[in-house]
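S.K.: Kindly return the folded structure for what I paste below:
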Amino acid sequence: MSTPDLVVVGLDGSTGSDHALRWALAYARRHDALLRVVSASGHAPDVGALAETTVSADARRHAESEQTEQLARWGVTHDPVIESALVLHGDAADVLVSEARHAVLLVVGSRGHGRLREAMVGSVAQGCIHRAPCPVVVLPAHVPGAHAAPRS
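M.R.: All right, here's what the predicted structure looks like:
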């Protein structure tokens, strides 16, 4: 029996990542793949070692809470298609690219913030597109008909 393919999806609590999760779940189910859900707690500002530890711990708790709420909102907290749900410290694009090293696909949402170039895709998505070791699917924040929860 062969090992199922792995799909990585990035979550950050945004509408774009909701769309990415929904799309990645459907893809994983259709292709008998496993889904790794990844959130990044981000880098702490340069405030000194003790303060950075506190900021990092707060950022991690916030990212864990967002991820848990997002998975619960879609009713997939204990879905067997989900191989793991991780919250890792670091820059979001760096974390996602690293976790995608054994994946067949990386799925991210786009907020559409930032400069004109980034308005179409987003800075995290740009970083993933340019550095990921696998194909990257970017779901925009505004997907027609994507607001309803997925069917079971």
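
S.K.: where do the strands sit along this protein?
M.R.: With DSSP state E as the criterion, the chain has strands at 6-10, 34-40, 82-88, 105-109, 136-139.

S.K.: Could you report the neighbour count for His31?
M.R.: When neighbours are counted by other C-beta atoms under 10 Å, His31 registers 12. (Each C-beta comes from the backbone N, C-alpha and C, glycine too.)

S.K.: what's the pLDDT at it?
M.R.: At His31, the model reports a pLDDT of 97.

S.K.: Would you agree it is in contact with Leu6?
M.R.: No: using C-beta atoms under 8 Å, His31 makes no contact with Leu6, being 10.8 Å away.

S.K.: So for Arg61, which of the strands of the chain sits nearest?
M.R.: Smallest distance to Arg61 across the strands of the chain (C-beta to C-beta): 9.0 Å, for strand 82-88.

S.K.: pLDDT (mean, whole number) over the closest one?
M.R.: 93.

S.K.: who does it pair up with?
M.R.: Sheet pairing here is set by DSSP bridges, and for strand 82-88 it gives strand 34-40 (parallel).

S.K.: contact partners of stretch 87-94?
M.R.: Residues outside stretch 87-94 that contact it (C-beta atoms under 8 Å, 6 or more residues apart in numbering): 10, 12, 38-43, 56, 59-60, 63-64, 67, 95, 99, 123-124, 126-128, 131.

S.K.: Report the distance from that stretch to the chain centre.
M.R.: 10 Å (C-alpha atoms, centre = their mean, to the nearest Å).

S.K.: what about that stretch, how long is it end to end?
M.R.: From its first residue to its last, stretch 87-94 covers 13 Å (C-alpha to C-alpha, to the nearest Å).

S.K.: And for stretch 92-108?
M.R.: Distance across stretch 92-108, first residue to last, is 10 Å (C-alpha to C-alpha).

S.K.: If anything else comes up later, I'll come back, but that's it for now.
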